[in-house]
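Enquirer: Below are the sequence and a predicted model; questions follow.
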Number of protein chains: 2
Amino acid sequence: MPPSRLEESRALSARLFQVAERAKADFADVVAEVGLTPLQARTVLWLQEPSAMRSLARHLACDASNVTGLADRLEELGMVERTPGDDRRVKLLRLTPRGVKLRADLADRVAAGSTVTAKLTAAERKQLATLLDKLLA
Amino acid sequence: MPPSRLEESRALSARLFQVAERAKADFADVVAEVGLTPLQARTVLWLQEPSAMRSLARHLACDASNVTGLADRLEELGMVERTPGDDRRVKLLRLTPRGVKLRADLADRVAAGSTVTAKLTAAERKQLATLLDKLLA
DNA sequence: CCTCAATGGTTGACATCATCAATCAAGTTC
DNA sequence: GAACTTGATTGATGATGTCAACCATTGAGG
């Protein structure tokens, strides 16, 4: 990759990084309002349907033991419960009624709190979505 | 904000989040190659010039006490040193010769390892850069 | 049917990162 | 000169993350 191409790639990555930091900060602010940490909030949002703990670990790209601790804390908060799966090795994380309620509230707050994308016109948002999809392909 | 607008905003934020997660993962992989954590690497990259610890804390958007620990660890690694500022309250973090060398290596690796933006054409990268700048305005 | 490998989840150790409160030295303001 | 603010540190605490080891369970293969 020629140097000017490296520079361009670096500058673009830096911008993506900054936008991501802002989005992260927005998210952290919103989830703090409901007394959760960002990871806890991501987990609660993920659990629209009950999920195997191993599946959650893959989604979060972390060690299985990390999910043990995370589940413990969410259980202590009354947000989730562990239920047996068909396979006796497997435990499913399921939102409690309280967790379901909080998840709905959180989803609304997260959507309403997304200041990062609010600065674009509708056409620009569409354009950005297309570019991001290409990145994710 | 009308519901459809919320949905659109949510979908766009989700994509940004995913792209950011990929970029983060790429970054974490690259910095692990040189034996640093992501935060340590960000710090080393930031210290192109010596920086007051308080300034670094603002850049990283964290508590000043976190920077004390971070500086301790980077000092132990031989990457930085604390030097006095004009104001005797202030301590500057400065890269050691070893830190300067590692920073150059790291910058190259990070640039070369940016797979996230490699999928776009030159025109698309320009377009993305423009949109991201608008988000950051 | 038994052995072996793989899988899921947990435990324990450890490191990093993050906040918060309290503290002290230093600089600034009135 | 007193009061306030700032910068850095210390100590306590909690969350998050990995790694190794372990145990129960399932599946594959002979």
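Expert: Sure, I can see it. Numbering: from 1, shown residues only, chains lettered A, B, ... in the order given.

Enquirer: Next, give phi and psi for the residue sitting nearest the centre point of chain A.
Expert: Closest residue to the average C-alpha location of chain A: A:R42 at 3.8 Å, with CA atoms, centre = their mean. A:R42 adopts backbone torsions of phi -60, psi -40, taken as degrees, to the nearest 10.

Enquirer: Next one: A:G69 from DNA strand C, what distance?
Expert: 7 Å (CB to the nearest atom of the strand, to the nearest Å). (Glycine included, C-beta is placed from N, CA and C.)

Enquirer: That residue falls within a helix, correct?
Expert: Yes - applying DSSP: H, G, I helix; E, B strand; the rest coil, one finds A:G69 inside a helix.

Enquirer: what pLDDT does the residue nearest to the centre of chain A get?
Expert: Note for A:R42: predicted pLDDT of 95.

Enquirer: ok, it - contacts?
Expert: If you count contacts by CB atoms under 8 Å, 6 or more residues apart in numbering or on different chains, A:R42 has them with A:L60.

Enquirer: do the one 4 residues further on as well
Expert: Taking CB under 8 Å, 6+ apart as the definition of contact, the neighbours of A:W46 are A:56, A:59.

Enquirer: Flag every residue of chain A that's near DNA strand D.
Expert: A:37-40, A:60-63, A:65-66, A:69-70, A:73, A:87-89 (CB under 7 Å from any atom of the strand).

Enquirer: can you tell me the helix or strand for the residue of chain A found nearest chain B?
Expert: For chain A and chain B, the shortest gap (CB to the nearest CB) falls at A:A20, measuring 3.2 Å. For A:A20, the host element (DSSP states H and E) is helix A:3-33.

Enquirer: Of the residues of chain A next to DNA strand D, which qualify as buried by neighbour count?
Expert: For the residues of chain A next to DNA strand D, a burial check counting by 16 or more other CB atoms under 10 Å in any protein chain shown picks out A:40, A:60, A:70.

Enquirer: If you count neighbours, what's buried in stretch A:71-83?
Expert: Under 16+ other CB under 10 Å, the buried positions of stretch A:71-83 are A:71, A:74, A:77, A:79-81.
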